[in-house]
Each structure stands twice: as structure tokens, then as C-alpha cells.
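**Student:** Sequence first, predicted model second:
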Amino acid sequence: MAARRILGILIFFLAFGQAVYAGEGGEISKYFNDASREVKATDDPVQKRDILMNSLQKMNSALEMIENTGLAGNNDRTAAMRLRTTLQEKQDELMGENSFERVSDAQLNAFSDYVVQDMQQADQYVTLSLVTILLIVILLVLIL
Amino acid sequence: MPTDFITAADKNLKAAPPRSSMVFIIHGDADYTYHTPDGQERQADRRTLQGARNVARQNKEAEVYIFHQRPAQYRFFVVPIPDGEFLLYRNGAIVQRDTYWRGDGSSRFDAEVELYRQFPTECQTNPARFFFYFGHEISEFDGAGYDESHPERTCNVREFSEGLRKFTGDSLKFDLLVLSTCFGGTPYTIGALGPYTRTVVASPDNLHLSYFDLQAFARLGELAPDNDIPRFAASYARHTFNRLAQEVQTAVTVAVYDMHRSRDYLSTVERLYARRLSELQDSPPGSVEYVDCSEEKAFVLPGMRDGVTILFRPAIFGRSKSTRIHSGWQCCRAVQPPDTICSDSSEKRDMK
């Protein structure tokens, strides 16, 4: 059922791709911006860390699925891999793993800004095609 | 073009000949948005346009040409709307406001240059000349895909410098060029702009989408009463750096390049960097990255810091957060595995 819905949405977006193009470029940073707003809306550092970790993991999983489905072309797979590396580093830093110093409770709001800003910059150098970005959005909304 | 604004402003023009001349090119294609720390979405080009207009209104002794390059849009999904917006201010008043077609030709700035020449500078004495460019990274390679409205057209450093040449003519130079893009401080980029400007303010690394701001230019008469542009450029860069460092968690790099003093280093690395570009030219997207040139031994040469004032603060988080300095030059290279990047960074710290 989920696969049918994805296919339907994909066909819709492909058909009206040009019309939605302008609005899709910043979807990845927008996703993290929403997470950042959630982080700032709570005072509990445990919740803050959970929200951040959850958003990073979900995006990482979406990118991994893109890589594995074969729907994305070579360039998009390379871009997705690059993006996953930076997201994994952020997860490591958040939890203090793999030689990273753990982000302190007091810095979690600033760290959420860092994630948003880094993804906004990534938009400029990690060039994912429109179809792949839409796939990521679909995966985040409907599956993960 | 309608001329109903000119009459009122002409009176001001006669009252005080402009002491400075500014050209703004603001690229607004591609839904270029960013988020403020309180989560608000901002459209970067709209805010920059607002800033440029504010500069134009505040400077009673300046003429200001503003070109806002908008994405292609259609009324009722059918009728195309001009994708360029042109504003000309003199002595703080608007004298021309119109839309224009950016054209489908291969040349990037022809439409803007033509408008600039239609309304030639009214400065009677030798004014201080400024050029501002706000947009995405200008590619050192082919530059395809820069402009969604004109996908067949490229925007690269060569075309940008060619556009500058047309603006300056053969005998003039801009006193200051503000390049508000990512990766504006490569040896090739700065070298290519050198013939057309005396000073450049640019960000060698990533520049956050909120861009360089323009508040200091709104007080140009007060901050640079004697038209000492190098000094003004240094204080503008410091102001910009301080503002970005307060708002941005990622790395902040702002550099001022004195084109005369940095030319020896640029001429030394010119061929080496051209070879690097040539090697990377056909690399697939995502396989090229930018690093501080001081991480590349071949580019660490005497005179590297001559003529470069760099303001740098590393990212607050991430692997590079303990990096303390930046050379002011950014070099492209093939993407290195993460382990290599880490060892390079520590090597750089040791070297210093």
C-alpha cells in the first residue's frame, strides 16, 4: 500500500515537477529547521537530545534507502553518501562517540542551529536532483 | 522605459554631484532561503534588495544601480513576467525603476551592462566605485545549472570577470568589490577579478545564506568621509564578521584582498592552480571539495599572506572546531577520505 502511495505521489511530482521546483530546494534544511524549533520549544535536555537524534537518524535512513533502492542515479548516490557522512558525524558528536566530545546540555539549542545552517550550506554543494529530494520528503513523511 | 521619476531627482542631482557610484547585482533565482536562529524563513535576495535600497536612500551623495535578477515567473501560468528588476538612485532619490528581460543569450551580464550604459554615471569628479554581487558560489568550472531561469546559460568566474570588464570599460577600476558568495576566495577567482578592482571583500569558505550585510554602506559618508576605501573595507569586513560570528554556528571566514599586494602570490600559484582546475574539470558532482590552501603544501609559499586580511572563526561544532587559523585562500581538490582530512587539519595546526 505504501509503495502504491509513493508511486502515485512520485508520478504527481514528476508531472508537475517544474511547478514545485522552486519550493523543494531547501526541503532538507527546512526539515531540520522544524526539528530545531521543537528542540527550542522544550526545556528538557533529554527531550532536546532525543528530538535531534531522531531527526538525524530519520534523514540518515531516508538517504540510505535512496542509495539502496536504485532509484537514484550515480551522482545522487554519491551526494547521498556524502550527506550521510556528515549526518553520522553529527549523531556521533551529539552522543560523544567516535572521538567526538559530547555536546553539552547547555549547547543543544546552538547545536540545533548548527545542524540547520550546515544543511543550508550543504544545499549548495551537495546537489541532489529534484526527484531524489522528493523521494526523501516522501520517505520522511510516509514511511519513517 | 518610463521616465516619470527622473524630473524630481534631477533637481537633487544638480544640487550635489555624486561622490560615489555603486552597482549591485542580486541574484534571486532558485528560492534562496535561510532560517534565522528563531526559526523564521527568510528569502535572502529579497532582504538584500531591501538592504541595497536602504543604502541608496541613505547616501545622498551617491548614485546606485541595482539589478535584481529574479526567477522566471508566469502570470496565469502562461504570460511571462520580466525576470529582471532595475532601480537607479541618485542623491538618495529614485530616478529610474523598471523591469527588464535578462535575455536568453549566452552572455551572463549583457542586459545589465546595457542598462548601465543607458544611464551613464553622472559623477563629475572621480567617484569611489563599488561593485556588489550577491548569489550562489560562482563556479570555477563550467558553471552549468547556476541559473534555473536560463538552464542553457552558464555562470562561472570567467564570465563574471568578463561582465566586470564591461562595467568598468577599459580604463577604470572599481575601488571595492564585495563578493557575497560561497568560495569567493580561491586563487583563480581573486586573480580573475584583479584587473577590475583594487580591493575585494569575499568569503573564502562557505558563506551563510544570510550573506554579507550592507548596513555599513548605508553610513558610507560618515564612515569613509575621505573616501579611504581600503580602511573602510577593513572596518566593513570586521563588522560583517562580528555580525556573522554572533548569528552563525558554522565557520565564518571574511577576507579583504588588496589586489596590488597579493598579485605576487597569485602570479606564483596561477599555473599550479590552473592545472588543478584542469584535472578536476570533468569530475562528477560531489567529488570536489574546497579546503584552506594552507592544507595543500604546494600552495604554501612565501608571500601567501601578503595583501590578505583574514577574519576567521571555526565552526562551533564538528571536526574542524579546533582549527584556529585560515590562510585566506581556498583551494579546490578531489574529495579526500575523512581520515585524511583530519590528519591534514592537525598537520595545518602543527605547521602554524
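**Tutor:** Thanks, I have it.
**Student:** what about residue 76, how many neighbours?
**Tutor:** You didn't pick a chain, so chain A it is. For A:D76, the neighbour count with other Cβ atoms under 10 Å in any protein chain shown is 23. Using the backbone N, CA and C atoms, a C-beta is placed for each residue, glycine as well.
**Student:** could you do chain B instead?
**Tutor:** Using other Cβ under 10 Å, B:F76 has 5 neighbouring residues.
**Student:** give me phi/psi at it?
**Tutor:** phi 50, psi 30 (degrees, to the nearest 10).
**Student:** what's the answer for the one 10 residues further on, then?
**Tutor:** Dihedral angles phi and psi of B:F86 (degrees, to the nearest 10) take the values phi -120, psi 130.
**Student:** Quick check: it vs chain A, distance?
**Tutor:** Using Cβ to the nearest Cβ, to the nearest Å, B:F86 is found at 22 Å from chain A.
**Student:** can you pull the contacts of that residue?
**Tutor:** Going by Cβ atoms under 8 Å, 6 or more residues apart in numbering or on different chains, B:F86 touches B:Y65, B:I66, B:F67, B:H68, B:Q96, B:R97, B:D98, B:T99, B:Y100, B:E112, B:L115.
**Student:** Repeat the analysis, applying 7 Å as the threshold.
**Tutor:** B:F67, B:Q96, B:D98, B:Y100, B:L115 (Cβ atoms under 7 Å, 6 or more residues apart in numbering or on different chains).
**Student:** Quick check: bridge partners of the second one?
**Tutor:** B:Q96 forms beta bridges with B:L88, as assigned by DSSP bridges.
**Student:** Could you list which of the contacts of B:F86 belong to helices?
**Tutor:** Judged by DSSP state H, the contacts of B:F86 include B:L115 as members of helices.
**Student:** Next up, the contacts around the closest residue to B:Y32 other than its chain neighbours.
**Tutor:** Closest residue to B:Y32 apart from its sequence neighbours, by Cβ to Cβ, 6 or more residues apart in numbering or on different chains: B:A44 at 4.7 Å. Neighbouring residues of B:A44 by Cβ under 7 Å, 6+ apart: B:Y32, B:T33, B:Y34, B:L209, B:S210, B:Y211.
**Student:** Now distance to B:V291 too, for those residues, in CSV please.
**Tutor:** CSV is the format used below for the contacts of B:A44 (distance: Cβ to Cβ, whole Å):
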residue, distance to B:V291
B:Y32, 25
B:T33, 27
B:Y34, 24
B:L209, 21
B:S210, 23
B:Y211, 23
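**Student:** Could you identify the most distant pair in these?
**Tutor:** Farthest apart among the contacts of B:A44 by Cβ to Cβ are B:T33 and B:Y211. That separation is 12.0 Å.
**Student:** Ramachandran coordinates for the residue nearest to B:Y32?
**Tutor:** phi -60, psi -40.
**Student:** Check B:D175 too.
**Tutor:** B:D175 adopts backbone torsions of phi -80, psi -30, taken as degrees, to the nearest 10.
**Student:** just the helices in the stretch 151-300 of chain B please.
**Tutor:** Along the stretch 151-300 of chain B, the segments classed as helices by DSSP state H, counting those that start in this stretch run B:157-168, B:187-193, B:215-218, B:220-223, B:229-247, B:263-280.
**Student:** now swap in the stretch 1-150 of chain B and tell me
**Tutor:** All helices of the stretch 1-150 of chain B, identified by DSSP H, counting those that start in this stretch, fall at B:6-15, B:44-58, B:110-118.
**Student:** How about the residue in chain A positioned nearest to chain B, nearest residue that isn't a chain neighbour?
**Tutor:** Across chain A, no residue is closer to chain B than A:Y114, which sits at 3.6 Å (Cβ to the nearest Cβ). The shortest distance from A:Y114 to any non-neighbouring residue, by Cβ to Cβ, 6+ apart, is to B:Q249 (3.6 Å).
**Student:** For the stretch 101-250 of chain B, what lies in contact range of chain A?
**Tutor:** With the criterion set to Cβ under 7 Å from any Cβ of the partner chain, the stretch 101-250 of chain B comes near chain A through B:H136, B:E137, B:C182, B:N206, B:H208, B:L209, B:V248, B:Q249, B:T250.
**Student:** can I assume the first one is in contact with B:L179?
**Tutor:** Okay, so that is B:H136. No - judged on Cβ atoms under 7 Å, B:H136 makes no contact with B:L179 at a distance of 11.6 Å.
**Student:** quick one on the thing from earlier: out of the helices of the stretch 1-150 of chain B, which is the most enclosed?
**Tutor:** helix B:44-58 (a mean of 20; mean count of other Cβ atoms under 10 Å in any protein chain shown).
**Student:** so what's the backbone phi/psi at the closest residue to B:H35 other than its chain neighbours?
**Tutor:** Take B:H35 and drop its neighbours on the chain: the residue closest to it by Cβ to Cβ, 6+ apart is A:N33, 4.5 Å away. Taking degrees, to the nearest 10, you get phi -60, psi -40 for the backbone angles of A:N33.
**Student:** What residues does A:N33 make contact with?
**Tutor:** Listed by Cβ under 7 Å, 6+ apart, the contact set of A:N33 reads A:V116, B:H35, B:G39.
**Student:** same thing but 8 Å
**Tutor:** Contact analysis of A:N33 by Cβ under 8 Å, 6+ apart lists A:V116, B:H35, B:G39, B:E41.
**Student:** As CSV, the residues you listed with pLDDT and distance to B:R165 would be great.
**Tutor:** Converted to CSV, those look like this (pLDDT from 0 to 100; distance: Cβ to Cβ, whole Å):
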residue, pLDDT, distance to B:R165
A:V116, 92, 39
B:H35, 82, 37
B:G39, 80, 43
B:E41, 83, 37
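**Student:** Selection in ChimeraX covering whichever of these are buried, please.
**Tutor:** Filtering the contacts of A:N33 down to the buried ones (16 or more other Cβ atoms under 10 Å in any protein chain shown) takes a single ChimeraX command:
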select /A:116 /B:35,39
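**Student:** can you count the residues close to the spatially closest residue to B:A298 that is not a sequence neighbour?
**Tutor:** Leaving aside its sequence neighbours, B:A298 sits nearest to B:L272 (Cβ to Cβ, 6+ apart; 6.0 Å). Counted with other Cβ under 10 Å, residues neighbouring B:L272 total 14.
**Student:** State the pLDDT value of B:L272.
**Tutor:** At B:L272, the model reports a pLDDT of 96.
**Student:** residues contacting the residue of chain B most remote from its centre?
**Tutor:** Taking Cα atoms, centre = their mean, the residue of chain B most remote from its mean C-alpha position is B:F76, at 34.5 Å. For B:F76, the contact set (Cβ under 8 Å, 6+ apart) is empty.
**Student:** And the helices in chain A?
**Tutor:** Under DSSP H, chain A gives helices at A:2-15, A:17-24, A:27-41, A:45-69, A:74-95, A:108-125, A:130-138.
**Student:** out of those, deepest packed?
**Tutor:** Of all these, as judged by average neighbours under mean count of other Cβ under 10 Å, the leader is helix A:108-125 with a mean of 22.
**Student:** I'm done for today, thanks for sticking with me.
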